[in-house]
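K.L.:
Turn this into a structure:
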Amino acid sequence: MKRTKFNPLAVASIFMALVFVSCDSNDDMEEPNNSRSKGTVNVAATDAAVDAENITGVYLNVKGIKADGMDDSNDAELMFDATQEFNLMAYQNGETYGLGSIELNSGTYSDISFILDDEMPAYVTFTDNTKSQIEVEGDNEYEIIGEFDVIADAQTDIVADVDLRKAFTETSTEDEFMLRSTARLVNANVTGTIQGMVDNYEEMQSQMEPGLESKLVVFAYAEGTFSDMEREDPAGSKGRFENAINSAVVAEDGSFTLAFMDESDYELVIGSFTKEENAPEEEAYEFNTLLQTEVNGSLDVILDILGVEANTSTDISIIVDLGS
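P.N.:
Model prediction:
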């Protein structure tokens, strides 16, 4: 019996933030050069809104964290007394899961890595109470790339955006999964949030073709980076909308949240995904089309929005063209 099939809509953008904390005085810490001034780095874990069909959790077992400095002498490693297991899908819409804080030499860093448990680095659970191990790129070290600065005697909050929509994939072997190293790091101190509403979402759903279910997913791109090729389904492990910075499933009330967005200008596109109403829950929603949408009287597939600023919310109301 076929147990599961990965649903790309089951796991939308996962943002993961982890707050690096030294667990106690017995933690095995490879200290950076003590002669340099230091700053404190906090990281916390969060997930964007998720509409899980047959997937109930994506778990990581983290036993330590590594920080990679541009200056090799700043490299540091923190090992926990006990492995910390957490569900990446359990923290949504800006809620966070904290792991702690770590002192690092002041300077610039290129990435961090989660050191994962050797026996069970990661696994996925399903609605039928079964689970399957996840293979992780990087030999049990999950790398999260993104440049950040540590300032002497200051605190820096780092957010690791795992984005399971891109990172979590089913391999060519049935019922086997992989976590790709597509995650990014952002500095939470200089990020903002996009709070959106599809004003006529209920009307759109009422006009669906009989026998079909529909989901809308909002994809955020850096201004000028979206192209028609993004909607195509490429070969290999990559999927549609591969270069989107963030994504969110539109909730039943028409709302969506794109959290931890870097200060920048963005454009949004909204994709429609459908499947038959009576299809088994493990069957994936299939991409249908990009919708024409209206904001402030302007109708287009690509929505240009105001720039996102640090520690602020950019609010946007959208009307979907019901003829698209």
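
K.L.:
Low-confidence stretches in the stretch 51-200 of the chain?
P.N.:
51-52, 172 (pLDDT under 70).

K.L.:
can you do 90?
P.N.:
Along the stretch 51-200 of the chain, segments meeting pLDDT under 90 span 51-56, 65, 78, 80-81, 88-102, 126-128, 137-140, 159-186.

K.L.:
Okay, strands next: where are they in it?
P.N.:
Taking DSSP state E, counting those that start in this stretch as the test, the strands found in the stretch 51-200 of the chain are 55-69, 76-87, 97-105, 107-116, 122-126, 131-136, 141-150, 155-161, 168-170, 177-179, 184-187, 191-198.

K.L.:
Those: which one's closest to Ser37?
P.N.:
Within the strands of the stretch 51-200 of the chain, the stretch nearest Ser37 is strand 97-105; the backing value is 7.4 Å (C-beta to C-beta). (Glycine included, C-beta is placed from N, CA and C.)

K.L.:
List the contacts of the longest helix seen in the chain.
P.N.:
Longest helix in the chain, counting residues (DSSP state H): helix 201-206. Helix 201-206 is contacted from outside by Val198, Ser214, Leu216, Val250, Glu252, Asp253, Gly254, Val320, Leu322, using C-beta atoms under 8 Å, 6 or more residues apart in numbering.

K.L.:
Generate a PyMOL selection restricted to the buried subset of those residues.
P.N.:
In PyMOL syntax, the buried subset of the contacts of helix 201-206 is picked out as below (16 or more other C-beta atoms under 10 Å):
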select buried, resi 198+214+216+250+254+320
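
K.L.:
got the buried residues for stretch 129-141?
P.N.:
Result for stretch 129-141 [16+ other C-beta under 10 Å]: buried residues Ile134, Val136, Asn140, Glu141.

K.L.:
where's the second one relative to Asp47, distance?
P.N.:
To Asp47, Val136 is 18 Å away according to C-beta to C-beta, to the nearest Å.

K.L.:
sorry, back to before: spatially, which two of the buried residues of stretch 129-141 are the most separated?
P.N.:
Based on C-beta to C-beta, the longest span within the buried residues of stretch 129-141 runs between Ile134 and Glu141 and measures 14.0 Å.

K.L.:
pretty sure Glu277 contacts Met208?
P.N.:
No - the pair Glu277 and Met208 fails to qualify as a contact (C-beta atoms under 8 Å) at a distance of 9.2 Å.

K.L.:
roughly how far out does stretch 82-89 sit from the chain middle?
P.N.:
Between the centre of stretch 82-89 and the centre of its chain there are 16 Å (C-alpha atoms, centre = their mean, to the nearest Å).

K.L.:
now stretch 205-221
P.N.:
21 Å.

K.L.:
ok, now stretch 190-197?
P.N.:
On C-alpha atoms, centre = their mean, the centre of stretch 190-197 falls 14 Å from that of its chain.

K.L.:
Kindly format the C-alpha coordinates of that stretch as PDB.
P.N.:
What follows is the C-alpha trace of stretch 190-197 in PDB, where atoms were taken according to Å, rounded to 0.1, in the frame of the first residue of the first chain:
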ATOM      1  CA  VAL A 190      16.600  44.500  10.400                       C
ATOM      2  CA  THR A 191      13.600  42.500   9.100                       C
ATOM      3  CA  GLY A 192      10.000  43.300   8.700                       C
ATOM      4  CA  THR A 193       6.700  41.500   7.900                       C
ATOM      5  CA  ILE A 194       4.200  41.500   5.000                       C
ATOM      6  CA  GLN A 195       0.600  41.100   6.300                       C
ATOM      7  CA  GLY A 196      -1.700  40.500   3.400                       C
ATOM      8  CA  MET A 197      -5.400  39.900   2.800                       C
END
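
K.L.:
how much space between Glu309 and Thr193?
P.N.:
Taking C-beta to C-beta, one finds Glu309 at 10 Å from Thr193.

K.L.:
oh sorry, the question was meant for Arg240
P.N.:
Counting by C-beta to C-beta - Arg240 and Thr193 are separated by 24 Å.

K.L.:
and what of Ser206?
P.N.:
For Ser206, the distance to Thr193 (C-beta to C-beta) stands at 29 Å.

K.L.:
So between those two, which is more surrounded?
P.N.:
Set side by side, Ser206 and Thr193 show more neighbours around Thr193, with 17 against 9, by other C-beta atoms under 10 Å.

K.L.:
list the contacts for the more buried one?
P.N.:
Residues near Thr193 by C-beta under 8 Å, 6+ apart: Gly94, Thr257, Leu258, Ala259, Phe260, Met261, Val308, Thr312, Ser313, Thr314.

K.L.:
Next one: it from Lys238, what distance?
P.N.:
According to C-beta to C-beta, Thr193 stands 27 Å off from Lys238.

K.L.:
try Gly297
P.N.:
Distance, Gly297 to Lys238, by C-beta to C-beta: 36 Å.

K.L.:
quick one, which of the two is more surrounded?
P.N.:
A count of neighbours by other C-beta under 10 Å puts Lys238 above the other of Gly297 and Lys238, at 14 against 6.
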